[in-house]
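Colleague: Sequence and predicted model, in that order:
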Amino acid sequence: MALLELENVTKRFGGLTAVDHVSLELEHGQFVGIVGPNGSGKTTLFNVISGVFFPEEGRILFEGQDITGMPPYKRAPLGIGRTFQIPRPFGSATVRENIAVGAMFGTLGHKTSVDESLEIADAIIARVGLEAHKDKAAGTLTPVEKKLTEIARALAMKPKLLLMDEAMAGMHPSDIDQMVALIKQIAREEQIAVVAMVEHIMRAVVGMAEKVIVLHQGAKLVDAPTKEALEDPRVVEVYLGHPPEE
Amino acid sequence: MKKQITKYYPLIPVYAAYLILFLIGVNVEGMWQLVAMLLFYCALGQAFNIFLGMTGYVDFGYVAFMGVGTYGMALAITRLVGFQGLGLGIIVIGFFLALVMSSLLSVAVGAVALRLRGAYFAIATIGVNEGFRFLIEGAKIWNGTEGMIFTAELNRILGREAASALSTFWADVMVLVIAALAAFVTLFYMRSKIGYALTALREDEDAAKVMGINVTKFKIIAFITSSGFAGLIGATSWALKTPYVFPPEVFEIHYTIEAIIIVLLGGAGTLLGPVIGGLIYGISKYYLSIFMPGFQLLIFAPIIIVIIIMFPEGVVGMLKNRLKGTALGRFII
Ligand SMILES: Nc1ncnc2c1ncn2[C@@H]1O[C@H](COP(=O)(O)OP(=O)(O)OP(=O)(O)O)[C@@H](O)[C@H]1O
Ligand SMILES: [Mg+2]
């Protein structure tokens, strides 16, 4: 059974169709890059999958279950985790507490105590290298540290699907490589499917995605294995305007 | 086990403050009245903090829950006075009624209003207090505008001497107990998933939802808890201390404003904040009204504004950040 299925999902804002009859299918543990120019509907697609918005048309199935109209707080325990394009950690809480929240209310939610959640947080903190910051209020971090905290918080949910909305923008290229390697490793170990929005960083797409979905004006333009997708003339024309870097 | 106990260390400064207040009150001649007032403000802050401080939502109708609690105690006393055998049990039933009635009202208000976001919620709650008062007055519920006076009933139940001791001393002690209980519940929440959920939704409600937090549920938990304590404070500070209840007095919005000031002064969402806020507010109010009667608001308002600008996170909020990581930091939250 597919992990995630979208059937003709459409989301409009007034007269604007932000997501236009998008269908797609995702397997457990799969790595997918999602690209598309500004305003092409990537964030809106993530919002629809995570339940921030409900689509006007179409269906969303998660492990076969119809979640189209399900509120977001019920989707997270099923295994849908995400990061935001502009990081949104809980500012007054420490990094450790932020990450523990993921463990408390994610897929393990009903079984983990507060103490166990804090232990899970500590393990993830060590893994992503946030030890030096763990007792700082998340609101005082640099943007990159906030992003890391968000990724860690989402990982603490032990999700089956991780939606990363431009999770690595603003990072130094060498840090991106490191981060990509780490996320890939964790995702493989824990069988997490990742959909990453990586617009400005083609190297990140190449580095991690098995397949690439290209959005254009809300519609799915291409859905193909990475190499093939990036060489697709429509992609080059519509999105890149020039061949991919590197 | 050791760990479980250290988690509750932050109660030490709170309870120490209450104990010192109490000792001053009983040992220093003429101080009890001031101490009683301070205990009232600390309790009010401690109770309101569970909602305002922990969720970041402002409830302008908060005093309504104190009012309803006052009625709960008044009803128990006036309706059960015939059952002499119950004795003090009537007061216990009164507390129970106060708790149930204020909680029920909070469920009703919360179920509707807590679906609204921040500012909209605040506006909606302004109406709750006035609406409830007009309902009681207009529909002549519980004697309508005439209110209830139950000095005689209280005397009959407890005897004249005990009733007098109740209103001049024991009611204040009960307020102290309520404040201590509210502090305990606050810390218990902070240390449980409820506290984490409330912090998350206070900081970013949409992000909290996506993290799996049923924000409405947790807001309602905080709201009911906070309102229940308000009901108990009303039942004690108002019904038992001054055995009468008039709608305009118990639905007086300035108590809500005082509660907001106390929470913000001390540090919203902190455990020790309501104690510090209650003390600063109560002491300044008391002495200003003695030394500059009539001018207290004129002097008071700017002082409060200055403190809030200087310490936007409240006095304890600031202290907490300063002490983070130090030995003292474990006690001040
Ligand atoms: N909450 C909203 N209300 C109204 N319009 C919106 C809303 N969110 C997105 N849109 C519109 O929907 C379209 C798609 O936006 P979206 O943010 O999904 O694009 P994106 O691919 O994530 O862009 P970017 O690369 O800039 O992040 C845009 O035209 C945007 O203005
Ligand atoms: Mg976007």
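Modeller: Now that the structure is in, tell me what you want to look at. Residues are numbered from 1 along each chain as shown, chains lettered A, B, ... in the order given. Ligands and ions are numbered 1, 2, ... in the order given.
Colleague: which strands and helices sit next to the host helix or strand of A:Gly58?
Modeller: Assigned by DSSP states H and E, A:Gly58 falls within strand A:57-62. On a contact count with 3 or more CB pairs under 8 Å, 6 or more residues apart in numbering or on different chains; DSSP states H and E, strand A:57-62 meets strand A:4-13, strand A:16-26. No exception for glycine: its C-beta is placed from N, CA and C like everyone else's.
Colleague: Return the set of buried residues in the shortest one.
Modeller: By neighbour count, and taking 16 or more other CB atoms under 10 Å in any protein chain shown as the criterion, the buried residues in strand A:4-13 are A:4-7, A:9-12.
Colleague: now, among these, which is nearest to ligand 2?
Modeller: Ranked by distance to ligand 2 (CB to the ion), the buried residues of strand A:4-13 are led by A:Lys11 at 13.2 Å.
Colleague: Contacts only, for that closest one.
Modeller: A:17-19, A:41, A:44-45, A:47-48, A:53, A:55-56 (CB atoms under 8 Å, 6 or more residues apart in numbering or on different chains).
Colleague: Just the buried ones among these, please.
Modeller: Neighbour-count burial (16+ other CB under 10 Å) is assigned, among the contacts of A:Lys11, to A:17-19, A:41, A:44-45, A:47-48, A:53, A:55.
Colleague: do you know how far B:Leu39 is from B:Ser106?
Modeller: Using CB to CB, to the nearest Å, we find B:Leu39 at a distance of 23 Å from B:Ser106.
Colleague: quick one, which of those two is more surrounded?
Modeller: B:Ser106 (30 against 27; other CB atoms under 10 Å in any protein chain shown).
Colleague: Pretty sure the more buried one sits against B:Phe223.
Modeller: Yes: counting by CB atoms under 8 Å, B:Phe223 is a contact partner of B:Ser106 at 5.3 Å.
Colleague: What sits closest to residue 112 if chain neighbours are left out?
Modeller: If you meant another chain, say so; for now it's chain A. Closest residue to A:Thr112 apart from its sequence neighbours, by CB to CB, 6 or more residues apart in numbering or on different chains: A:Ala103 at 5.5 Å.
Colleague: The chain in question should be chain B.
Modeller: The shortest distance from B:Val112 to any non-neighbouring residue, by CB to CB, 6+ apart, is to B:Ala124 (7.8 Å).
Colleague: does the helix or strand harbouring A:Ala121 come close to chain B?
Modeller: Taking DSSP H and E as the criterion, A:Ala121 maps to helix A:114-128. Yes: counting by CB under 8 Å from any CB of the partner chain, chain B is contacted by helix A:114-128 at A:114-115.
Colleague: can you pull the buried residues of that helix?
Modeller: Buried, per 16+ other CB under 10 Å, within helix A:114-128: A:114, A:117-118, A:120-121, A:124-125, A:128.
Colleague: How about stretch B:94-101?
Modeller: B:94-95, B:97-99, B:101.
Colleague: Tell me the one of those nearest chain A?
Modeller: Nearest to chain A out of these is B:Leu99 (CB to the nearest CB; 27.0 Å).
Colleague: Pull up the gap between the closest one and B:Gly231, please.
Modeller: Distance, B:Leu99 to B:Gly231, by CB to CB: 5 Å.
Colleague: and what of B:Ser102?
Modeller: As for B:Ser102, its distance to B:Gly231 is 3 Å (criterion: CB to CB).
Colleague: Please apply the same query to A:Ala156.
Modeller: 38 Å.
Colleague: Tell me which of these two has more neighbours.
Modeller: B:Gly231 (31 against 27).
Colleague: Can you tell me the SS state at the more buried one?
Modeller: Under the three-state scheme (DSSP: H, G, I helix; E, B strand; the rest coil), B:Gly231 adopts helix.
Colleague: ditto for A:Leu163
Modeller: Of the three states, A:Leu163 takes strand under three-state DSSP.
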